[in-house]
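Engineer: I'd like to go over a predicted model; first the sequence, then the structure.
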Amino acid sequence: VPDRPRPYTSVSSERLAARVARSLAAKAESGLTYDDLSTKIGVTNAYCAQIILGQARPTAETARKLGEALPSMSEEDLKAMVEDFPMRSFDSEILKEPNVYRTYEAVTHYGEAIKACINEQCGDGIMSAIDFYLDIGTTTGKHGEKRVVITFNGKFLPFIEQSNGDNGAKSPRD
């Protein structure tokens, strides 16, 4: 398959995949975990993983810190991380990976309860996935087993009444 953009975007999936492979190699070479790396660059561990995986765009300062933490990363790759807009898409193939599937299953299973609690505590609205922090860690259960803790921290966005007086745009019906 030639190096060409996907039909719906200007992002070259092959170039991105090659950059991600180089980033993962630099991370492996450093011996740093995502927790270690996130502490060095000042972001959550999940966001750090998104940067490495090409799913988030670091600031120039964060990229500079990343370059210091992973010295084998090229300036070209660090520059591309900052300048290229990530393709935040969903590939259904990822649901075949058991960890991803079980997380998806948990969110869908508890989805209605999550919605009910958000609405009860915050009102009619949604949790932002843009003004959002995700952190992943572990704890020890009462029987000594390792347990996974995933924290979703998103800004609450209330739904609004769409009153004509508040709409700053001219109606297309006028």
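Structural biologist: Yep, it's here.
Engineer: Let me know the next secondary structure element after the strand ranked longest in the chain.
Structural biologist: Longest strand of the chain, by residue count under DSSP state E: strand 125-140. The helix or strand immediately downstream of strand 125-140 is strand 146-158, counting by DSSP states H and E.
Engineer: mind listing what that next one pairs with, with the direction of each?
Structural biologist: Strand 146-158 sits in its sheet next to strand 125-140 (antiparallel), going by DSSP bridges.
Engineer: CA atoms only: put stretch 29-40 into PDB for me.
Structural biologist: Output of stretch 29-40 as PDB, limited to C-alpha atoms (Å, rounded to 0.1, in the frame of the first residue of the first chain):
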ATOM      1  CA  GLU A  29      15.300   2.200  25.100                       C
ATOM      2  CA  SER A  30      14.900   4.700  28.000                       C
ATOM      3  CA  GLY A  31      13.500   2.000  30.300                       C
ATOM      4  CA  LEU A  32      10.900   4.500  31.500                       C
ATOM      5  CA  THR A  33       7.300   3.500  32.300                       C
ATOM      6  CA  TYR A  34       4.400   5.800  31.200                       C
ATOM      7  CA  ASP A  35       4.200   6.800  34.900                       C
ATOM      8  CA  ASP A  36       7.900   7.800  35.000                       C
ATOM      9  CA  LEU A  37       7.700   9.600  31.700                       C
ATOM     10  CA  SER A  38       4.500  11.400  32.600                       C
ATOM     11  CA  THR A  39       6.100  12.700  35.800                       C
ATOM     12  CA  LYS A  40       9.100  14.000  33.800                       C
END
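Engineer: What is the neighbour count of Gly125?
Structural biologist: 14 (other Cβ atoms under 10 Å). The way it works is simple: take the backbone N, C-alpha and C, and place the C-beta from them, glycine included.
Engineer: Flag every buried residue along the longest strand of the chain.
Structural biologist: Residues of strand 125-140 classed as buried: Met127, Leu134, Asp135 (neighbour count, 16 or more other Cβ atoms under 10 Å).
Engineer: Using JSON lines, lay out those together with distance to Arg102 and pLDDT.
Structural biologist: Output for the buried residues of strand 125-140, formatted as JSON lines (distance: Cβ to Cβ, whole Å; pLDDT from 0 to 100):
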{"residue": "Met127", "distance to Arg102": "21", "pLDDT": "95"}
{"residue": "Leu134", "distance to Arg102": "16", "pLDDT": "95"}
{"residue": "Asp135", "distance to Arg102": "18", "pLDDT": "95"}
